[in-house]
Structure formats: C-alpha cells, structure tokens
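*Asks:* here is my input; please provide its structure:
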Amino acid sequence: MKTESKYSISRYSSIFLIITIFFDFSIYFYSGIDKLVHFDQFIINFGRSPFAPTKFLSETGAIVVIIEIGLSMLLFIKRARKLTLFILAGLSLIFTIYILLMITYSPSLPCSCGGIVSFLNWNEHLILTIYLTASSFYAALIPENY
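*Replies:* Model prediction:
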C-alpha cells in the first residue's frame, strides 16, 4: 500500500507539473508575442505607469518581451526547466508586488500586459500572478521530473 500511495503522489505531481508548464508557457509566450506584435501600444501603456523607467522605455519594453518569450521557450528544455520555473516564480512575484503597488497608488491606469490578460482588472491580475507565483514555485520543487 505504501507503494501505491507514493505512486499516486508522484502521478499527481507529474500532472501538476505538466499543467503548470503548459499554463506558464501559454501566459508568458502569448503575452510576449502580443507585446511584440503591438509593441508601440505596449510602450505607450507601459509608459503611463508611474513605476516605468522614463529614459529607456523602449529598451526596457524589449527586454520584457525577450524575457517572456525566452523563459517560456526554456520550459521545454528539461535540463533548464527547474531553474526556469524558479525564475518564473520570481518574475511572477515581482509582477505581484508591482500589481499591489498599482492597486494602491494608480488603480485607474491601463495595464501593459498583452493579449487576453490585458482584459483583466487589477484585482484579477493580482489573483493570476499569485497563482503563477505559487504554482511555478511548487512545480520547481517536484524532484522526479528533472
């Protein structure tokens, strides 16, 4: 019986890992591509944020796009997956803090997220980033998949 229990936990962990990888990839890749396709609009919205850098706005925006697309692609390289999930958890934590600041200081500003995510209000953004942070961090801790 102990073997069955251990197998069930391992099986559920594997399923959770697959779902997390798919969800992280979908969110970050789609968001990065959408920002790239609509780069001018992304920069305009990004520039409205009180926390955006004023000098190197386009360069910072390009770095954000590269990071989102690059990290999403690294999820498919098994040797890089654990580190990538930890980095995505950290990135999601940074986004969570940013969203908390936006809710506190600038709740009426538009977001600079790409695609479907841009239709979320700030509280929904907060829930999404908390989920992304927790799920990515937990998935990074699943040992048997690396």
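
*Asks:* from now on I want contacts and neighbour counts done on CA atoms only, so please keep to that.
*Replies:* Noted.

*Asks:* all helices of this protein, in order?
*Replies:* Ranges of helices in the chain, per DSSP state H, are 2-37, 39-47, 57-74, 78-105, 122-140.

*Asks:* and of those, who's closest to Ile116?
*Replies:* Shortest distance between Ile116 and these, using C-alpha to C-alpha, is found for helix 2-37: 8.1 Å.

*Asks:* residues of the closest one that come out buried?
*Replies:* By neighbour count on 16 or more other C-alpha atoms under 10 Å, the buried set for helix 2-37 is 10, 13-14, 16-17, 20-21, 23-25, 27-36.

*Asks:* and the angle from it to helix 122-140?
*Replies:* Here the directions of helix 2-37 and helix 122-140 differ by 130 degrees (axes from the mean of the first three to the mean of the last three C-alpha atoms, to 10 degrees).

*Asks:* just for this structure, where's the confidence low?
*Replies:* By pLDDT under 70, the low-scoring segments of the chain are 1-9, 107, 110, 114-115, 144-146.

*Asks:* mind doing that once more with 50?
*Replies:* Across the chain, the ranges flagged by pLDDT under 50 are 1.

*Asks:* if we can go back for a sec, redo the helices of the chain as JSON lines? Include distance to Cys111.
*Replies:* Shown next, in JSON lines, are the helices of the chain (distance: least, C-alpha to C-alpha, whole Å):
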{"stretch": "helix 2-37", "distance to Cys111": "12"}
{"stretch": "helix 39-47", "distance to Cys111": "6"}
{"stretch": "helix 57-74", "distance to Cys111": "13"}
{"stretch": "helix 78-105", "distance to Cys111": "9"}
{"stretch": "helix 122-140", "distance to Cys111": "8"}
